[in-house]
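1. Give me the fold of what follows.
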Amino acid sequence: MTGRHVAIAAAALSPFSESAAAARDALGAALVHDLAGRLAEGAAGYEEAIALAERAHADDVLSEALRRLSFVRHRQGDAQTARALCDRSHAVAVAAGRPVLAAEALNIAGVFALQRGDFEAARATFSRAAAAADGDPALLAKVEQNLGIVANIRGDLSAAHDHYKRSLDAFQGAGDERGCALAYNNLGLVTADSQRWDEADWYYRLCLRMATRIGDVYLRGLAVMNRTEVLLARSRFDEARADAETALAIFEQLGATRHMSETHRVLGVVERETGALDAAEEQLRTAVRLADEAGASLEEAEASRELALLLQRLNRNQDALRTLNDAHRLFGRLEARRDMVDVGGKLADLEGAYLRVVREWGQSIETSDSYTHGHCERVATYSVRLAQALGLDDVERTTVRLGAYLHDVGKVRVPLEILNKPGKLTDDEFALMKKHPEYGVELLAGIEFPWDIKPIIRSHHERVDGSGYPDRLRGDEIPLSAQIIGIADVYDALTTTRSYRPAMTHDEAVAEIRRCERHWRPDVFAAFLRTVNEKIADG
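-> Model (predicted):
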């Protein structure tokens, strides 16, 4: 009986072994297609390997094929399917008692979290992968690399560089050329972020050379695309355009939507900086759309910022502000994750862009009236001093500054003959002039600012005693920020020459404002007197 059972068992194992071998062969063939950028063929091969591995109960092949297929699906833009496949790969590996394969799946899951902008989840998942790696040096090298990416995004460039160097050393020790190429690419990224352009260029060239030698099309695309940052920094726009077009062709072949977005952004910047503004807008809008389709919030935010700068150059200020708002919303969503330290820096850069757009728009309004040149800038300066004296925080001071730049935006709808009239306005003319706060709010109706500036624009001519316009608000009905800008506006109007009267001296202007003290909140009035006299004392 024993011999018979052994014979049966041997007979049962034979097709099992053959099926497992077939699954491994299918996995190997799929990997060749994958590395060559033939994603459809690679995906079909992985699916075949999955089917064969399921029949053979070859859990190691099944877990790896599921993981690799998940990465292909992610590159093709099907994030939901990719995550489901990766989760299944992890579950199969855990059930089979294969810790390294389980850690590999966790590593890929961390990559997915990273690319959708969930950086806290990415870091936690990479840490789980490292703990589960069972000391496997090749896997630990990958995890080090991915932890470096998280640190890089957070703006901790020193930590990122250390992670990348450790991963490079590990990959070199393991003889893993693809891993080395990835490490070179990432060292290029971190040195470029440090503006060490020669070093970054050297790393990208090493990555490109190695990726070409091993036939990894995806890595070639990454190296070529990322090197464009070096070329842009050096104003070598023709080379940057050529490299971006090369990278775009690779990513289109791969169906890598997120990276297609990045290359369109580069092409948009190139066209903008070389004066082809219509082409730049087309490229940047494509970049925004593709990033949105890929769920790549960081790439969408950065493309939106570049588009806003283009729209500003085209003097399409309202469109520029709407687009800046989109970028601010996206960066703000990322900042809500506490580990995204560097988003604070990106938001600061973005707020600088806001100020430039709003300042230039405010200045453009003044060009229609030679007497008010520099008015918005001066009102902004006085108002921020007042806001500081009143103890307003950074966000409130930014709100005041932006509101000051745009407080008179509605005057673009007031006829020039009224704005520049040398004598007293008629009642009808003054009634039309008094509409400019409402016109300003109407002009900005489609823009949802991150700062509450519309009440400033509408209410900067309201007075505490109810004598103002357009709504005859009283007392605390008037926003504090509007009162601040209102008194600064009056002071600047009194101390500058206008078409209908000469400028007053400082003392005359302060005396006039004292005469109208009932118009202002006591704290605003007191802070005004203190700051305006400090300004005079400072010269």
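2. just checking, what packs against the helix or strand containing residue 100?
-> Element membership for residue 100, per DSSP states H and E: helix 99-115. Identification of packing neighbours for helix 99-115 by 3 or more CB pairs under 8 Å, 6 or more residues apart in numbering; DSSP states H and E yields helix 59-75, helix 79-95, helix 119-132, helix 137-154. (Each C-beta comes from the backbone N, C-alpha and C, glycine too.)
3. Could you dump those into TSV and include mean pLDDT and mean neighbour count?
-> Converted to TSV, these look like this (pLDDT from 0 to 100; neighbours: other CB atoms under 10 Å):
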stretch	mean pLDDT	mean neighbour count
helix 59-75	91	24
helix 79-95	93	19
helix 119-132	84	20
helix 137-154	81	23
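4. What residues does residue 42 make contact with?
-> 30, 31, 33, 34, 68, 72 (CB atoms under 8 Å, 6 or more residues apart in numbering).
5. quick one: low-confidence ranges for the stretch 101-250 of the chain?
-> Of all residues in the stretch 101-250 of the chain, none has pLDDT under 70.
6. for the stretch 401-539 of the chain, same thing?
-> 498-500, 534-539.
7. circling back to that earlier point, which among the helices and strands packed on helix 99-115 is found nearest to residue 167?
-> helix 137-154 (3.9 Å; CB to CB).
8. Ramachandran angles for the residue nearest to residue 100 when sequence neighbours are not counted?
-> Sequence neighbours aside, residue 136 is the residue nearest to residue 100 in space, at 4.8 Å (criterion: CB to CB, 6 or more residues apart in numbering). The phi/psi pair for residue 136 (degrees, to the nearest 10) reads phi -60, psi 120.
9. Distance of residue 136 relative to residue 300?
-> 36 Å (CB to CB, to the nearest Å).
10. which of those two has more neighbours?
-> residue 300 (27 against 17; other CB atoms under 10 Å).
11. quick one, what contacts the more buried one?
-> 261, 288, 291, 292, 326, 330.
12. element containing it, please.
-> With DSSP H and E as criterion, residue 300 is part of helix 297-313.
13. if we can go back for a sec, would you list the helices and strands packed on helix 99-115 in a markdown table and tack on distance to residue 320?
-> Formatted as a markdown table, those follow (distance: least, CB to CB, whole Å):
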| stretch | distance to residue 320 |
| --- | --- |
| helix 59-75 | 33 |
| helix 79-95 | 31 |
| helix 119-132 | 28 |
| helix 137-154 | 26 |
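14. closest to residue 252 out of these?
-> It's helix 59-75; of those, that one is closest to residue 252 (CB to CB) at 12.0 Å.
15. from the middle of its chain, how far away would that closest one be?
-> Helix 59-75 has its C-alpha centroid displaced from the chain centroid by 30 Å (CA atoms, centre = their mean, to the nearest Å).
16. So which elements touch that helix?
-> helix 2-35, helix 39-56, helix 79-95, helix 99-115.
17. Burial-wise, tell me which of these comes out on top.
-> helix 99-115 (a mean of 23; mean count of other CB atoms under 10 Å).
18. Report the inter-axis angle for it versus helix 137-154.
-> 20 degrees (axes from the mean of the first three to the mean of the last three CA atoms, to 10 degrees).
19. Can we start the residue count at 325 from this point?
-> Sure thing, new numbering starts at 325, so read that last one as helix 423-439.
20. wait, what's in contact with the closest residue in space to residue 814 that isn't next to it in sequence?
-> Distances taken as CB to CB, 6+ apart put residue 837 closest to residue 814, at 6.3 Å, once the chain neighbours are dropped. Contacts for residue 837 (CB under 8 Å, 6+ apart) come out as 811, 814, 815, 818, 849, 852.
21. Wait, the fifth one touches residue 842, no?
-> Spelled out, it's residue 849. No: contact criterion CB atoms under 8 Å: residue 849 and residue 842 do not qualify, at 9.4 Å.
22. For the two, work out which one has more neighbours and name it.
-> residue 849 (19 against 11).
23. which residues touch residue 758?
-> 785, 793, 794.
24. Next one: the nearest residue to residue 425 once chain neighbours are set aside from residue 771, what distance?
-> The shortest distance from residue 425 to any residue other than its chain neighbours is 3.7 Å, reached at residue 417 (CB to CB, 6+ apart). Separation of residue 417 from residue 771 (CB to CB) stands at 50 Å.
25. Ok, residue 801 next?
-> 24 Å.
26. Between these two, tell me which one has more neighbours.
-> Per other CB under 10 Å, whichever of residue 801 and residue 771 has more neighbours is residue 771, with 17 against 12.
27. isn't there a strand covering the more buried one?
-> No: counting by DSSP: H, G, I helix; E, B strand; the rest coil, residue 771 falls outside a strand, being coil.
28. about what we covered before: can I get the contacts of residue 837 in a markdown table including secondary structure and distance to residue 620?
-> Formatted as a markdown table, the contacts of residue 837 follow (DSSP: H, G, I helix; E, B strand; the rest coil; distance: CB to CB, whole Å):
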| residue | secondary structure | distance to residue 620 |
| --- | --- | --- |
| 811 | helix | 46 |
| 814 | helix | 48 |
| 815 | helix | 48 |
| 818 | helix | 52 |
| 849 | helix | 51 |
| 852 | helix | 48 |
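29. Most widely separated two among these?
-> 818 and 849 (15.1 Å).
30. I'd like the next helix or strand past the host helix or strand of residue 595.
-> Assigned by DSSP H and E, residue 595 belongs to helix 581-597. Following helix 581-597 in sequence order, the next helix or strand is helix 601-618 (DSSP H and E).
31. Buried residues, that following helix. List them.
-> In terms of neighbour count (16 or more other CB atoms under 10 Å), helix 601-618 has its buried residues at 604, 605, 607, 608, 609, 610, 611, 612, 614, 615, 616, 618.
32. so which of these comes closest to residue 761?
-> Out of the buried residues of helix 601-618, the member with the shortest distance to residue 761 (by CB to CB) is residue 605, at 32.2 Å.
33. measure the closest one to residue 571 for me?
-> Relative to residue 571, and taking CB to CB, residue 605 is found at 21 Å.
34. likewise residue 374?
-> 31 Å.
35. from the contacts of residue 366, which is closest to residue 426?
-> Out of those, the member with the shortest distance to residue 426 (by CB to CB) is residue 392, at 15.0 Å.
36. mind listing what the closest one touches?
-> 351, 354, 355, 358, 366, 370.
37. Residue 361 is in contact with residue 400, correct?
-> No: with contact defined as CB under 8 Å, residue 400 does not count as touching residue 361 (11.9 Å).
38. Between those two, tell me which one has more neighbours.
-> Set residue 400 next to residue 361 and count neighbours by other CB under 10 Å: residue 361 wins out with 22 against 17.
39. how about the nearest residue to that one, chain neighbours excluded?
-> residue 541 (3.2 Å).
40. Next: residue 646.
-> residue 771 is the one closest to residue 646 (CB to CB, 6+ apart), at 5.4 Å.
41. Wait, that neighbour touches residue 649, no?
-> Yes: counting by CB under 8 Å, residue 771 touches residue 649, with 6.3 Å between them.
42. count of residues packed around the closest residue to residue 739 other than its chain neighbours?
-> Among residues not flanking residue 739 along the chain, residue 756 sits closest, at 7.6 Å (CB to CB, 6+ apart). Residues lying near residue 756 (other CB under 10 Å) number 16.
43. wait, what's in contact with residue 756?
-> Contacts of residue 756 by CB under 8 Å, 6+ apart are 738, 739, 742.
44. Check residue 569 too.
-> Residue 569 touches 587, 591, counting by CB under 8 Å, 6+ apart.
45. let's see 10 Å
-> By CB atoms under 10 Å, 6 or more residues apart in numbering, the residues touching residue 569 are 548, 587, 590, 591, 594.
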